[in-house]
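[1] here is a sequence together with a model predicted from it:
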Amino acid sequence: MKRAIMWFLIVFIVVAVATKIIVLNVPQEPPVIPDGNHIVLCHTKARCSICVKMEERIKTVLKESEYGHIGLILLEYDMPKNREFAERFHVGTLAIILLEQKSGKTIRFRDISVDAKHRSGNSEDFVEMLKETLNDFYGQTRH
């Protein structure tokens, strides 16, 4: 009985490792970011509480009519299919990138990760910083 359990566990581990290796090496299509203005929130598959709070705060701001034309893209930077994006924008940790796309190409971008992380502990401060940055980057005036 012990021998059968041991063999079952060995087979299970081998299959699990082989499956993970195959999944990581199968070519995957990189994300297609549509034309327009976006906030790209880069995170890992296992999300921390700071990341979740930032997402909630970004969504709150984007619900306001003056920011309705800005989309939110959640991107797992540690996934193989997102490797090119992560390398291009130097993402290796939680990041927030403002992005303007036109004809499938990035026109301009701004990484606001440092400011966002410094203000992540205070909801009002974070929201105010985000609004000011969006207004500056996308040329909007606040009402």
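    Sure, I can see it. Numbering: from 1, shown residues only.
[2] secondary structure class for I39?
    Using DSSP: H, G, I helix; E, B strand; the rest coil, the structure places I39 in strand.
[3] and it, what pLDDT?
    For I39, the model assigns a pLDDT of 96.
[4] pull the contacting residues for it.
    By Cβ atoms under 8 Å, 6 or more residues apart in numbering, I39 lies in contact with 58, 62, 70-73, 96-99, 134. All C-beta atoms are positioned from the backbone trio N, CA, C, and that covers glycine.
[5] next step: the residues you listed restricted to strands.
    Mapping the contacts of I39 onto strands (DSSP state E) picks out 70-73, 96-99.
[6] and P30, what's its pLDDT?
    Model confidence at P30, given as pLDDT, is 65.
[7] what segments of the chain are helices?
    Along the chain, counting by DSSP state H, helices occupy 2-25, 49-62, 83-88, 113-118, 123-138.
[8] okay, those in CSV with distance to K105, mean neighbour count and mean pLDDT next?
    As requested, the helices of the chain are exported to CSV (distance: least, Cβ to Cβ, whole Å; neighbours: other Cβ atoms under 10 Å; pLDDT from 0 to 100):
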stretch, distance to K105, mean neighbour count, mean pLDDT
helix 2-25, 29, 10, 85
helix 49-62, 23, 16, 92
helix 83-88, 12, 14, 90
helix 113-118, 22, 16, 92
helix 123-138, 17, 16, 94
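[9] so which of these gets nearest D35?
    With Cβ to Cβ, the closest approach to D35 among the helices of the chain belongs to helix 123-138: 14.2 Å.
[10] quick one: the closest one to helix 49-62, angle?
    60 degrees (axes from the mean of the first three to the mean of the last three Cα atoms, to 10 degrees).
[11] who touches helix 123-138?
    By Cβ under 8 Å, 6+ apart, helix 123-138 touches 37, 39, 53-54, 57-58, 60-61, 67, 70, 98, 100, 110, 112, 115-116, 119-120, 140-142.
[12] reformat the helices of the chain as TSV; add distance to Y77.
    Shown next, in TSV, are the helices of the chain (distance: least, Cβ to Cβ, whole Å):
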stretch	distance to Y77
helix 2-25	15
helix 49-62	11
helix 83-88	4
helix 113-118	11
helix 123-138	20
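[13] who wins for proximity to H43 among those?
    Between H43 and the helices of the chain, the shortest separation by Cβ to Cβ is 4.6 Å, and it involves helix 49-62.
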